[in-house]
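K.L.:
generate coordinates for the sequence data below:
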Amino acid sequence: MNTGAISMRYARALLMFANDAGVAKQVYQEALTLRKSFREVPALKAALEKPVMTRENKLSVLVQAAGGNISKQMQKFFSLVMEEKREKFLININQCFIDLYRKQEKIRVGKLTTAVPIAPEEVDRIRKIVVESAGGTAEFATKVDPSIEGGFIFEINTYRLNASVADQMRRIKQQFIEKNRRIV
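P.N.:
The predicted structure follows:
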């Protein structure tokens, strides 16, 4: 059984269903909340896969994990997943839906890692530059990692720019070692 094909099929169906109802953005937000719940509560996946847990209890757990007061479309989708006994694919279905929605809406996903906290105005300025150059919108996560010693690491989609002091020091050290090997 190809879990990728099943997940993608269900995710496309959810996206079409949400688009037709005009609530795709709301369902996207609910999917992000559900993904966060799966990451923060690992026992959630195990609970959904238990055969002794009733369908109503599973639906209740999913509704709470997706934010509590969710759209009718997401509730119907959860019911369909339960009816077809596809609970074990729900994490993959959810991630596929998020990816499809981002592709549809041209949402770029970025991450900015700095050695010290950065002002929100700077993050907004970077977001604006990305939106102007690539179009669509951009979602950014910021992270503080003192181990990079200075500078920043910027990632967006598959592009990565490492301008950290730690990386520059590593490259200098590597060049120094290479140069000294040739001398001896």
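K.L.:
in the chain, which spans are strands?
P.N.:
Applying DSSP state E to the chain gives strands spanning 107-114, 137-144, 151-156, 159-164.
K.L.:
avg pLDDT for the second one?
P.N.:
Spelled out, it's strand 137-144. Strand 137-144 carries an average pLDDT of 87.
K.L.:
residue ranges with poor pLDDT in the protein?
P.N.:
Low-confidence regions of the chain, defined by pLDDT under 70, span residues 1-3, 182-184.
K.L.:
distance to residue 95 and mean neighbour count for the strands of the chain - can I get that in a markdown table?
P.N.:
Just so you know, the C-beta spots here come from the backbone N, C-alpha and C atoms, and that holds for glycine as well. Listed next are the strands of the chain as a markdown table, based on distance: least, CB to CB, whole Å; neighbours: other CB atoms under 10 Å:
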| stretch | distance to residue 95 | mean neighbour count |
| --- | --- | --- |
| strand 107-114 | 12 | 18 |
| strand 137-144 | 15 | 14 |
| strand 151-156 | 18 | 18 |
| strand 159-164 | 21 | 13 |
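K.L.:
so which of those strands is nearest residue 68?
P.N.:
Ranking the strands of the chain by their distance to residue 68 (criterion: CB to CB) puts strand 137-144 first, at 22.6 Å.
K.L.:
all set now, cheers.
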